[in-house]
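A.B. asks: sharing a sequence plus its predicted fold:
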Amino acid sequence: MVFSRAVFLKELARQQTWDVIIIGGGATGLGIAVDAASRGYRTLLLEQSDFAKGTSSRSTKLVHGGVRYLAQGNVSLVYEALHERDLLLKNAPHLVHDQEFIIPCYHWFSKLFYLVGLTFYDLLAGRSAFPKSTSLNAAQVSQAIPGLSTAKLIGGVSYRDGQFNDSRLAINLAQTAAEHGAVLLNYVKVCALEKTAAGVMSGVLAEDMETGQRYQLLATTIINATGVFVDEVLKMDVPNARPLVKPSQGAHVVLDQSFLQGNVALMIPKTTDGRVLFAVPWHGKVLVGTTDTPVDGQALEPKPLAVEIDFILKTAGQYLVKKPVLEDVLSSFAGLRPLAAPSDDKHATKEISRSHKVIVSDSGLITIIGGKWTTYRKMAEDTLDRAIRLKQLRPSDCVTEGLRIHGSVGGYETGDFAPYGSDASKIRAMIQARPGFEHPVYSGLPMLVGEVVWMLREEMARTVEDVLARRSRLLFIDAAAAGKLAPGIAQIMASELGRDTNWIEEQLRSFGLLVQQYLLRYEEKKDESVPVEPGN
Ligand SMILES: Cc1cc2nc3c(=O)[nH]c(=O)nc-3n(C[C@H](O)[C@H](O)[C@H](O)COP(=O)(O)OP(=O)(O)OC[C@H]3O[C@@H](n4cnc5c(N)ncnc54)[C@H](O)[C@@H]3O)c2cc1C
């Protein structure tokens, strides 16, 4: 399998006509690339930044049906997502695992309520690989979650969902698509759409963000899978197009494991103001979130708001023995949900459906909005089936239900290289073959020189941030540690990619700013009063 930016750029210069061009390299676009390539279509995906730079690296990392959506009565969404949950566990077992969650209960009525609800959740899941929910007494709950405050606790309900590594799944989806013949490029932005004289969508104008080189590319099907940016692309088609997306921000903080010892996640189904909050063990730390804040506009690097961080820390503190404060935050990040905008403005973002919608413009441009990481495969299937029904593509069946995702084929790995799945043995062999590759980039931190080289040669990492935020997750797990690794990584990258000292300086400057943001060290930390809505 070739997964090389240089090779793919040559392909772009050579081949101008495609069956499918996908704009956007998040979960949605990458899922469509896998589906399209595996159906045999000539497929091109263009991402303006890095794969999963947008929302798709900023999720709560749950492969789930969505207990909250069940409470809202959205049974069909939960049913669909529970089915996809099992497919993801089967097709990407190196990145998805079964995670136990406990809802602590302080009243018999609420325990009964959650037990009944989660039994229904299990029923909807059908013959699932995930174990069923169980009722727990107070002693069992406090044994399973040693960090939980036990005052007035009467018991709890244990249930299961999946946990996954979102940005690594994105990279592996890109590699899977490439294995089936797709061409995928990060740092290539679609700047304009091209139409025939009859107004039919016929191609895109794209720019390589590294060199400024422009490409005119033709396709019978053009898919707008740009998440919260879909309206920008729609405006390239119809300048006064009605906005389709209402972005909603969700923030998370990462804390030391001492706040929630053990392997069991805590689910708080109804906080003081009606929200859902998770505290989930993640890479030896605890991920806590999230919020649901309507925002205007889009950003690739949204900032968590002070009110969001305060809410998360205070709510977690009500349930944990060790109360977290701002100084305990190892990293914090926010993402924007690409929710389908309602036709009126009366709905709060928590009420907007998380289901996906496929929309076809008069020009034939296909736009996909909404959905969840968990349902990316079904979203892709629906999008391409629609293109076939529109006769933009020749008929071909979807095969992704049984398609193994890159990394899952072959033996499963444990240890430091486990997230690479079946690539782990190749990384180990590469490290053994080259003296120096076995050295840590920074003494005491878990990243080897050879691992970085692997990310550059085999996973299309182009910047220090690509390495530290999405190939490894260190920026999200422990931003200060990521900052320590950055100079060493920039040096390795410069020699591998042939970059000069100016490039190194610029990389360290921009990554340094990002570290400050993830550590919540920015000016407007305390002065916002944006209303925060209930929900997850
Ligand atoms: C806080 C939060 C928590 C969540 N938690 C979960 C969870 O636990 N489980 C779950 O299943 N789902 C979760 N979700 C939902 C899930 O993360 C999203 O539905 C999903 O990541 C959206 O993916 P996307 O590809 O549509 O958007 P994105 O990931 O944002 O991708 C869109 C891409 O398009 C690119 N782009 C934009 N314009 C252009 C252009 N002109 N040219 C080229 N590229 C362009 C952008 O750079 C971006 O990378 C969560 C969402 C949020 C916000």
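C.D. replies: Noted; the coordinates are in hand.
A.B. asks: from the ligand, how far off is the closest residue to Val409 other than its chain neighbours?
C.D. replies: Nearest non-adjacent residue to Val409, counting by Cβ to Cβ, 6 or more residues apart in numbering: Ser422, 5.4 Å away. Yep, even glycine has a C-beta here, placed from its N, CA and C like the rest. From Ser422 over to the ligand the distance is 24 Å, taken as Cβ to the nearest ligand atom, to the nearest Å.
A.B. asks: dump the residue contacts of the residue nearest the centre of the chain.
C.D. replies: Nearest to the mean C-alpha position of the chain, counting by Cα atoms, centre = their mean, stands Ser56 at 2.5 Å. Ser56 is in contact with 26-28, 30, 166-167, 170, 227, 373, counting by Cβ atoms under 8 Å, 6 or more residues apart in numbering.
A.B. asks: how about it, nearest residue that isn't a chain neighbour?
C.D. replies: Nearest residue to Ser56, sequence neighbours excluded (Cβ to Cβ, 6+ apart): Gly26, at 3.8 Å.
A.B. asks: likewise Gly147?
C.D. replies: Here the residue nearest Gly147, using Cβ to Cβ, 6+ apart, is Leu260, at 4.6 Å.
A.B. asks: neighbours around Gln318, how many?
C.D. replies: When neighbours are counted by other Cβ atoms under 10 Å, Gln318 registers 12.
A.B. asks: helices of the stretch 101-250 of the chain, start to end?
C.D. replies: Taking DSSP state H, counting those that start in this stretch, the helices of the stretch 101-250 of the chain run over residues 108-125, 138-144, 166-179, 230-237.
A.B. asks: would JSON lines of those helices with distance to Glu84 and mean neighbour count be doable?
C.D. replies: Shown next, in JSON lines, are these (distance: least, Cβ to Cβ, whole Å; neighbours: other Cβ atoms under 10 Å):
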{"stretch": "helix 108-125", "distance to Glu84": "11", "mean neighbour count": "17"}
{"stretch": "helix 138-144", "distance to Glu84": "27", "mean neighbour count": "16"}
{"stretch": "helix 166-179", "distance to Glu84": "13", "mean neighbour count": "26"}
{"stretch": "helix 230-237", "distance to Glu84": "22", "mean neighbour count": "20"}
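A.B. asks: what's the closest of those helices to Leu390?
C.D. replies: helix 230-237 (15.4 Å; Cβ to Cβ).
A.B. asks: give the contact list for Gln213.
C.D. replies: Per Cβ under 8 Å, 6+ apart, neighbours of Gln213: Glu207.
A.B. asks: against Arg428, how distant is it?
C.D. replies: To Arg428, Gln213 is 37 Å away according to Cβ to Cβ, to the nearest Å.
A.B. asks: same deal with Ala36?
C.D. replies: 33 Å.
A.B. asks: what do you get for Met209?
C.D. replies: For Met209, the distance to Arg428 - Cβ to Cβ - is 33 Å.
A.B. asks: who has more neighbours out of these two?
C.D. replies: When neighbours are counted by other Cβ under 10 Å, Met209 and Arg428 differ, and Arg428 comes out ahead with 19 against 16.
A.B. asks: which residues sit in contact with the more buried one?
C.D. replies: Listed by Cβ under 8 Å, 6+ apart, the contact partners of Arg428 are Phe417.
A.B. asks: state the three-state secondary structure for it.
C.D. replies: Recorded secondary structure, Arg428: helix (DSSP: H, G, I helix; E, B strand; the rest coil).
A.B. asks: okay, and the helix or strand of this protein with the least pLDDT?
C.D. replies: Ranking every helix and strand in the chain by mean pLDDT, DSSP states H and E puts helix 67-71 at the bottom, with a mean of 83.
A.B. asks: any idea which helix or strand comes after that one?
C.D. replies: The helix or strand immediately downstream of helix 67-71 is helix 75-91, counting by DSSP states H and E.
A.B. asks: helices or strands up against that next one?
C.D. replies: Applying 3 or more Cβ pairs under 8 Å, 6 or more residues apart in numbering; DSSP states H and E, one finds that helix 75-91 makes contact with strand 62-63, helix 67-71, strand 96-105, helix 108-125, strand 155-164, helix 376-389.
A.B. asks: residues making contact with the longest one?
C.D. replies: For helix 108-125, the surrounding residues in contact (Cβ under 8 Å, 6+ apart) are 65, 67, 70-71, 75, 78-79, 82-83, 85-86, 103, 105, 128, 132-133, 135, 154-157, 159, 269.
A.B. asks: now stretch 444-460
C.D. replies: By Cβ under 8 Å, 6+ apart, the residues outside stretch 444-460 that reach it are 3-5, 51, 171, 174-175, 186, 416-417, 420, 423, 426-427, 430-431, 434, 436-441, 461, 466-467, 471-472, 474, 481, 484-485, 489, 492-493, 496-497.
A.B. asks: list only those of these flagged as buried.
C.D. replies: 3, 5, 51, 171, 174-175, 186, 417, 420, 423, 427, 430-431, 437, 441, 461, 466-467, 471-472, 474, 481, 484-485, 489, 492-493 (16 or more other Cβ atoms under 10 Å).
A.B. asks: would you map the strands across the stretch 201-350 of the chain?
C.D. replies: Secondary structure of the stretch 201-350 of the chain (DSSP state E, counting those that start in this stretch): strands located at 201-208, 214-224, 245-256, 265-268, 277-282, 285-289, 293-294, 331-340.
A.B. asks: tell me which of the ones you listed approaches the ligand most closely.
C.D. replies: Closest approach to the ligand among these is made by strand 245-256 (2.4 Å; Cβ to the nearest ligand atom).
A.B. asks: tell me the buried residues in the closest one?
C.D. replies: 245-255.
A.B. asks: what pairs with it, parallel or antiparallel?
C.D. replies: strand 285-289 (antiparallel), strand 293-294 (antiparallel), strand 331-340 (antiparallel) (DSSP bridges).
A.B. asks: and Val7, which helix or strand is it part of?
C.D. replies: Per DSSP H and E: helix 5-14 holds Val7.
A.B. asks: next, count neighbours for the closest residue to Leu266 other than its chain neighbours.
C.D. replies: Closest residue to Leu266 apart from its sequence neighbours, by Cβ to Cβ, 6+ apart: Ala279 at 4.3 Å. Ala279 has 28 neighbouring residues, counting by other Cβ under 10 Å.
A.B. asks: give me the beta-bridge partners of Ala279?
C.D. replies: According to DSSP bridges, beta-bridge pairing links Ala279 with Leu266, Val288.
A.B. asks: I'd say it and Ala265 touch.
C.D. replies: Yes - between Ala279 and Ala265 there is a contact at 6.5 Å, judged by Cβ atoms under 8 Å.
A.B. asks: which bits of the stretch 201-350 of the chain sit near the ligand?
C.D. replies: Residues of the stretch 201-350 of the chain lying close to the ligand by Cβ under 6 Å from any ligand atom are 225-229, 233, 250, 290, 300, 335-338.
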